[in-house]
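**Q** Below are the sequence and a predicted model for it; my questions follow.
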Amino acid sequence: MPIEFQIPSLCVQVTERMDEYQSKQIRKEQLLNLEESRLQEMWYLDQKQRRTNAFVNRHKKSKEKLFEIGKPVLVFQTKMGSMLGKLRFRWTGPFWIVNTYNRTYQVGTLA
C-alpha cells in the first residue's frame with residue numbers, strides 16, 4: 001500500500017476535500033500510530049530473539065558428549081568414496097578410548 005494512504009498527503013487532502021487542519025491532525029495521529037506499532041514490533045522481535053538464543057544455548061550444551069577412558073565408541077566415516085548409498089554402514093568400530101586431551105580422543109582397538 002502506498003504511504004500516501006497510510007499518512008495522508010496533499011494529494012489525498014485534495015481528493016478527500018479536507019481542510020489543512022484536519023489533514024495535519026490525521027497525519028499526526030497516523031505518525032504516532034506508526035511509531036507505536038514500530039516500537040511494539042521491535043519489542044516482539046527482541047523477545048523472539050531472546051527465546052531463540054535461550055533455546056539454542058540450552059540445546060547446544062546438552063549435545064556436548066564427554067567420553068571416559070576405557071569406554072567403547074563407534075567412529076563415523078566421513079569419506080566413503082564416490083558410492084554413497086543410503087544402505088551403506090558409515091560407522092566402524094567398536095574402538096575404546098585410550099587417552100583424552102582438550103576434547104580430543106585417542107582411540108584404540110581391543111588388541
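**A** Cool, the structure landed. Here the structure is a predicted model, which is why all the values come from computation and not from measurement.

**Q** Pop the domain breakdown of the chain in here.
**A** 3-62, 72-108 (automatic domain parsing).

**Q** Now do the shortest one, average pLDDT.
**A** Averaged across domain 72-108, the pLDDT comes to 78.

**Q** tell me which residues in that domain are buried?
**A** Of all the residues in domain 72-108, those buried under the rule 16 or more other Cβ atoms under 10 Å are F95, W96, I97, Y105, V107. Any C-beta I mention is one placed from the backbone N, CA and C, and that applies to glycine too.

**Q** Narrow these to those in helices?
**A** Among those, no member is found in helices (DSSP state H).

**Q** of those, closest to E68?
**A** Looking at the buried residues of domain 72-108 and their distance to E68, the nearest is I97, at 6.6 Å (Cβ to Cβ).

**Q** How about the contacts made by that closest one?
**A** Going by Cβ atoms under 8 Å, 6 or more residues apart in numbering, I97 touches F67, E68, I69, G70, K71, V73, Y105, Q106, V107.

**Q** quick one: which of those residues is nearest to N53?
**A** Nearest to N53 among the contacts of I97 is F67, at 28.2 Å by Cβ to Cβ.

**Q** which residues pair with the closest residue to the closest one other than its chain neighbours across the strands?
**A** Closest residue to F67 apart from its sequence neighbours, by Cβ to Cβ, 6 or more residues apart in numbering: I97 at 5.0 Å. Using DSSP bridges, the bridge partners assigned to I97 are V107.

**Q** Could you report the separation of I97 from F76?
**A** As judged by Cβ to Cβ, to the nearest Å, I97 and F76 stand 15 Å apart.

**Q** tell me the secondary structure for L66?
**A** L66 falls in the coil class when you classify it by DSSP: H, G, I helix; E, B strand; the rest coil.

**Q** Count residues in the vicinity of it, would you?
**A** Neighbours of L66 under the rule other Cβ atoms under 10 Å: 8.

**Q** Could I get the contacting residues of V75?
**A** W91, T92, G93, F95, V107.

**Q** Helix, strand or coil: sort out it for me.
**A** Going by three-state DSSP: V75 is strand.

**Q** is it in a bridge, and if so with what?
**A** Bridge pairing for V75 - DSSP bridges - gives T92.
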